[in-house]
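Novice: I would like the atomic coordinates for the input below:
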Amino acid sequence: MDKGLCNIIFVDLPLGTGFSYAKNVKDYRSDWKLVHNTHQFLRKWLIDHPEFLPNEFYIGADSYSGIPVPAILQEISNGNEEGHQPLINLQGYLLGNPWTTYKEDNYQIQYAHGMGLISDELYASLQRNCKGEYIDVDSGNELCLRDLQYFHECLSGINKFNILASICKDDLRMWRRSLTQELNASLSSRLTVPELSCRDYGFYLATKWISDESVRKALHIREGTIGTWERCYTTDFKREIFSTVEFHANLSKKGYRSLIYSGDLDLIVPFRSTQAWIRDLNYSIIEDWRSWYVNGQVAGYTRTYSNRMTYATVKGSGHIAPEYTPELCFPMFSRWISNLPL
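Specialist: Below you'll find the model as predicted:
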């Protein structure tokens, strides 16, 4: 990889997402099949593109990908050690607000209290009645269940992906109607796209854009493979990896670098949960907690560990930090990938 230049591959996985397809998608939708498919794809891709073999190789991902990516990295590393060809010049990885233990919900209570979303009294009652377990609650623990119901009522009007963002489903329907009217206007009139005041508006526009025939052609989507592209959630996926802490520990022992970052406004995977599993790795701190800056302003806080791991918060970011604050995340990435301090 030349200084200042990164080549990026975006992969549609697991099969069935994006424009990926298979004869029977359900046969391929599980954590470990995702891991194996990714590993196979990368080595086959490098066979077809040998000019990229000398490049340093990193994997970056966010959210749920915190589950399969450490396993993918370990499989790549093991494959290299076993002599699988071509060798992948694996150097490290970066993960944002990553699911790691499936215990992330247990840290939402602390986070919500610290951010002033619930009262001191409710927080104390939750601690007393639930004793730190808010996921697998005994059905007979009526006091804990009562407190949790109250907790969810308090947060019912909060956008959990970014606690400072609006929830605007009703506005979205009106916005779509307005946009449709604009799109149906005569070609001679000037198209004015309504202001993107809600994150969901971008999802709607992306769906329209990526389903356009000219876009599909530019992306070389094979005709007849995928119909209309839709943004959706699915439950036909087999969870097989329930904690990736062991993978992180193994990768650290092998000397790979890592950057773990948290958008500090995320309630889905709160920074407290990420800090907890990093703490469990029990590595000594090389550089203690300090602020990092972009254009002279505090962009977040960071610390580094002896296992070549850097942790950083991204100030004012939600669940997918690069989407919310690219002006902060790009400098963070650029410094880290160049082995510079944040």
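
Novice: going forward, measure contacts between C-alpha atoms and count neighbours the same way
Specialist: Will do.

Novice: Regarding Ala61, what is its secondary structure?
Specialist: The local conformation at Ala61, judged by DSSP: H, G, I helix; E, B strand; the rest coil, is strand.

Novice: Contact partners for it?
Specialist: Under the criterion of Cα atoms under 8 Å, 6 or more residues apart in numbering, the neighbours of Ala61 are 69, 94-96.

Novice: Next: Tyr107.
Specialist: 270, 272-273.

Novice: Most neighbours among the residues you listed, please name it.
Specialist: Of the contacts of Tyr107, Pro270 is surrounded by the most neighbours, 29 neighbours in total, counting by other Cα atoms under 10 Å.

Novice: Now do that one against Asn24, distance only.
Specialist: Between Pro270 and Asn24 the computed distance is 36 Å (Cα to Cα, to the nearest Å).

Novice: mind listing what's buried in stretch 225-239?
Specialist: Applying a neighbour-count criterion of 16 or more other Cα atoms under 10 Å, one finds Trp229 buried in stretch 225-239.

Novice: Now do the end-to-end distance for that stretch.
Specialist: One end of stretch 225-239 to the other measures 26 Å (Cα to Cα).

Novice: how far is it from where the chain is centred?
Specialist: Computed by Cα atoms, centre = their mean, to the nearest Å, the chain-centroid distance of stretch 225-239 equals 18 Å.

Novice: tell me, what residue is most central in the protein?
Specialist: Nearest to the mean C-alpha position of the chain, counting by Cα atoms, centre = their mean, stands Asp62 at 1.7 Å.

Novice: Tell me the confidence at the residue lying closest to that one once chain neighbours are set aside?
Specialist: For Asp62, the nearest residue in space outside its immediate sequence neighbours is Gly96; the separation is 4.5 Å by Cα to Cα, 6 or more residues apart in numbering. Predicted confidence (pLDDT) at Gly96: the value is 98.

Novice: same question, Lys3
Specialist: Lys3 carries a pLDDT value of 51.

Novice: Same question for Gly224.
Specialist: In the prediction, the pLDDT value recorded for Gly224 is 83.

Novice: just the helices in the chain please.
Specialist: When assigned using DSSP state H, the helices of the chain occupy the ranges 31-48, 68-81, 108-114, 120-130, 142-154, 169-183, 199-210, 213-218, 245-253, 271-280, 321-324, 326-337.

Novice: So which of the ones you listed is nearest Leu87?
Specialist: Nearest of those to Leu87, taken as Cα to Cα: helix 68-81 at 5.6 Å.

Novice: Need the nearest residue in space to Ala311, chain neighbours excluded.
Specialist: Actually, residue 311 is Tyr. It isn't Ala. Once flanking residues are discounted, Tyr311 sits nearest to Ile260: 4.8 Å by Cα to Cα, 6+ apart.

Novice: Hmm, Thr17 and Leu34 touching each other?
Specialist: No: the pair formed by Leu34 and Thr17 falls short of the contact definition of Cα atoms under 8 Å, at 11.4 Å.

Novice: who's more crowded, the two?
Specialist: Comparing Leu34 with Thr17 by other Cα under 10 Å, the one with more neighbours is Leu34, at 19 against 16.

Novice: Name the nearest residue to that one, sequence neighbours excluded.
Specialist: The spatially closest residue to Leu34, leaving aside those adjacent along the chain, is Pro14, at 5.4 Å (Cα to Cα, 6+ apart).

Novice: What number of residues are in the vicinity of that neighbour?
Specialist: By the criterion of other Cα under 10 Å, Pro14 has 20 neighbours.

Novice: Done for today, thanks.
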